[in-house]
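Fold the stuff below for me.
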Amino acid sequence: MTRVFLTGGSGLIGGALATRLIERSDELVALARSDAGERALSARGARVVRGDTLDEDALAAGMARCALAYHVAGINTMCPADPATLFHVNVRGAEAAVRAAARAKVPRVVLTSSAASLGEAAGTVGSEVSSHRGSYLSVYERSKHEGEIAAFAAARRAGVELVSINPSSVQGPGRTGGTGRIMIAYLNGRLRAFVDTRISIVDIADCVEGHLLGAERGVPGERYVLNGATLSSREALDIIAELSGVRHKVRFLPPPVAALAGGLVEGAFRLRGRQPPVCREMVRTLQHGHRYDGSRAARELGLRYTPVAETFRRTIEWAVAEGLVQQPIQAR
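Numbering: from 1, shown residues only. Next up, the predicted model:
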């Protein structure tokens, strides 16, 4: 039995990873910041330690006698009301986790980064060797890029083996944000307009497996992009329609119109002190689109990817079962 430490166990990836670690009989020690997080992790079978991802002392105490640490905790959001929070958690938190591992004598840390950190130029395929374009589409993208750099630098200084896992858009049961939110809106007939773009997707189960394989086989100091499929937004909606039997007309906006609409919606919501559902950086990210190459994880780690239609089918079934879709749907 391996004693493993985990941050971010209340989130989509961290929660699925926690379940998988416990299923394979690892002794899981998980960090919880809230009472709700503690209850959820305890129910999964984890031993919970309370603390914050920026609390290096709490992290080091929780990591005591662990052979491995997964640092999954992070903020994944667009249009943040307080951008500084993303940098504190996604950058400083990553550094703190590595330093804590060194203090606790944990030899290896697996960092959950993001394919967004690659910063590939428009029209190119992002991979582990992509040159960063030198500019950022969003505060989130910048925080993940800088967090990865900071974590690797801290690992080199402390002599900790760090492996970075860089998932594309993680989809599957449990995902209500990102592409998951777009899918649910389409099924409910509320997706009136969208952007003609390219999206890259990895199944939540494949993302979890990529973390486990990265811990076992990943080369220290390297990163591994996880991406199972790249397709256009039109292709994605066609697959969802075929699986669900639901077809709604969606207007694909020209780039200038989409940018203007995003700015107007963001401005209107900000004036009322509310979180906007759409903002300029979200539109910039969609218009840039993403094509990622996940072949290194398949080739070097042995990861096998789930077909995208299967990911969508499972997500539709889950959304229906959770009552997130208002009309009767039978996924095919």
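
Residue ranges in the protein under the pLDDT threshold?
Applying pLDDT under 70 to the chain flags the ranges 328-332.

Of all residues in it, which one is nearest the centre?
In the chain, the residue lying closest to the centroid (CA atoms, centre = their mean) is V170, at 5.6 Å.

which ones are touching the nearest residue to it once chain neighbours are set aside?
Leaving aside its sequence neighbours, V170 sits nearest to C207 (CB to CB, 6 or more residues apart in numbering; 5.1 Å). Where you see a C-beta, it was placed from the backbone N, CA and C, and this is true even at glycine. Taking CB atoms under 8 Å, 6 or more residues apart in numbering, we find C207 in contact with 13, 16, 165, 167, 170, 226.

Closest one of the residues you listed to T311?
V170 (9.8 Å; CB to CB).

Do a quick rundown of the helices in the stretch 201-332 of the chain.
For the stretch 201-332 of the chain, the helices defined by DSSP state H, counting those that start in this stretch occupy 204-217, 233-244, 255-271, 280-288, 295-296, 308-321.

wait, which of the contacts of C207 is closest to E266?
The closest of the contacts of C207, once distances to E266 are taken by CB to CB, is V170, at 24.8 Å.

and that closest one, what is it in contact with?
Per CB under 8 Å, 6+ apart, neighbours of V170: 12-13, 178, 201-204, 207.

next one: A229
200-201, 305, 307-308, 311.

just the buried members of those residues?
200-201, 305, 308, 311 (16 or more other CB atoms under 10 Å).

M183 and A58: what is the separation?
37 Å (CB to CB, to the nearest Å).

More neighbours: the two, which one.
Counted by other CB atoms under 10 Å, M183 and A58 do not tie: M183 has more neighbours, with 25 against 18.

Serialize the contacts of C207 to JSON lines and add fields for distance to V48 and secondary structure.
Formatted as JSON lines, these follow (distance: CB to CB, whole Å; DSSP: H, G, I helix; E, B strand; the rest coil):
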{"residue": "I13", "distance to V48": "18", "secondary structure": "helix"}
{"residue": "A16", "distance to V48": "17", "secondary structure": "helix"}
{"residue": "I165", "distance to V48": "23", "secondary structure": "strand"}
{"residue": "P167", "distance to V48": "25", "secondary structure": "strand"}
{"residue": "V170", "distance to V48": "24", "secondary structure": "strand"}
{"residue": "L226", "distance to V48": "27", "secondary structure": "strand"}
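
Quick check, I199 in contact with G289.
Yes. With contact taken as CB atoms under 8 Å, I199 and G289 are classed as touching, separated by 7.1 Å.

Which members of the contacts of A229 define the maximum pairwise distance?
Most distant of the contacts of A229, by CB to CB, are S200 and P307, 14.5 Å apart.

Measure how the longest helix anywhere in the chain sits relative to helix 280-288, angle-wise.
Longest helix of the chain, by residue count under DSSP state H: helix 139-158. Counting by axes from the mean of the first three to the mean of the last three CA atoms, to 10 degrees, helix 139-158 lies at 90 degrees to helix 280-288.

counting contacts, what elements does helix 139-158 pack onto?
Here helix 139-158 touches helix 83-87, helix 93-103, strand 108-112, strand 161-167, helix 280-288, going by 3 or more CB pairs under 8 Å, 6 or more residues apart in numbering; DSSP states H and E.

show me what contacts G218?
With CB under 8 Å, 6+ apart, G218 has these contacts: 110, 163, 165, 224, 301.

could you dump those residues to JSON lines with neighbour count and distance to A97?
Converted to JSON lines, those look like this (neighbours: other CB atoms under 10 Å; distance: CB to CB, whole Å):
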{"residue": "V110", "neighbour count": "27", "distance to A97": "10"}
{"residue": "V163", "neighbour count": "24", "distance to A97": "13"}
{"residue": "I165", "neighbour count": "27", "distance to A97": "14"}
{"residue": "Y224", "neighbour count": "26", "distance to A97": "18"}
{"residue": "L301", "neighbour count": "21", "distance to A97": "22"}
